[in-house]
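In: here is a sequence with its predicted model. Questions after.
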Amino acid sequence: MLIVAAIALQVTLSGLPRDTTEGCNDKDGTVALSSCYSEHADAWEKRLNAAYPVALDFVDGPRRKALQRAQSAWLKYRDATCDFYNLVPGSLHYIQGAYCILDLNRSRALELEEYVLP
């Protein structure tokens, strides 16, 4: 069953960007750049949300509970860390906040995938 889940995860993840800024760096202006980062962050969040239940199915007992606690704590960490940029004056904070979410979502998605992918 775990092999099937890992294969399903690999199929689900194929085609998603591995480069966090693909197509964004040529954007002109705060709104365009932050929107591009937000779109990539959404794609990585989908990937993260696909990887998490597979990772949960991969572990049991105390490790499953530990993963649930870790994911809950990670979500709070991500939100608190990226909300920090809302306190920065000026338009630059939109770009920094969007990139923060993108970067943390990508890192966590890859981390969860490492739990189950061969």
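Out: That came in fine, so what should we check first?

In: low-confidence ranges in this structure?
Out: Scanning the chain for pLDDT under 70 picks out 1-21, 118.

In: output the longest helix belonging to it.
Out: helix 30-58 (DSSP state H).

In: just the helices from the chain, written as ranges.
Out: 2-13, 30-58, 61-83, 92-116.

In: can you give me the buried ones in the last one?
Out: Applying a neighbour-count criterion of 16 or more other CB atoms under 10 Å, one finds 93-95, 97-106, 108-109, 112-113, 115-116 buried in helix 92-116. Yep, even glycine has a C-beta here, placed from its N, CA and C like the rest.

In: possible to save the helices of the chain as CSV with distance to residue 24?
Out: Converted to CSV, the helices of the chain look like this (distance: least, CB to CB, whole Å):
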stretch, distance to residue 24
helix 2-13, 20
helix 30-58, 4
helix 61-83, 17
helix 92-116, 9
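
In: for residue 73, the count of nearby residues, please.
Out: 10 (other CB atoms under 10 Å).

In: how close does the most centrally placed residue in the chain get to residue 44?
Out: The structure's the chain has its C-alpha centroid closest to residue 105; by CA atoms, centre = their mean the separation is 1.9 Å. Residue 105 sits 4 Å away from residue 44, going by CB to CB, to the nearest Å.

In: again with residue 69
Out: From residue 69 to residue 44 the distance is 22 Å (CB to CB).

In: so which of those two has more stuff around it?
Out: For the pair residue 69 and residue 44, the greater number of neighbours falls to residue 44 (24 against 10), based on other CB under 10 Å.

In: hmm, residue 109 and the more buried one touching each other?
Out: Yes: the pair residue 44 and residue 109 passes the contact test of CB atoms under 8 Å, sitting 5.4 Å apart.

In: in the longest helix of the chain, what's buried?
Out: Buried, per 16+ other CB under 10 Å, within helix 30-58: 33-38, 40-41, 43-45, 47-48, 50-52, 54-56, 58.

In: tell me what it is packed against?
Out: Applying 3 or more CB pairs under 8 Å, 6 or more residues apart in numbering; DSSP states H and E, we find helix 30-58 packed against helix 2-13, helix 61-83, helix 92-116.
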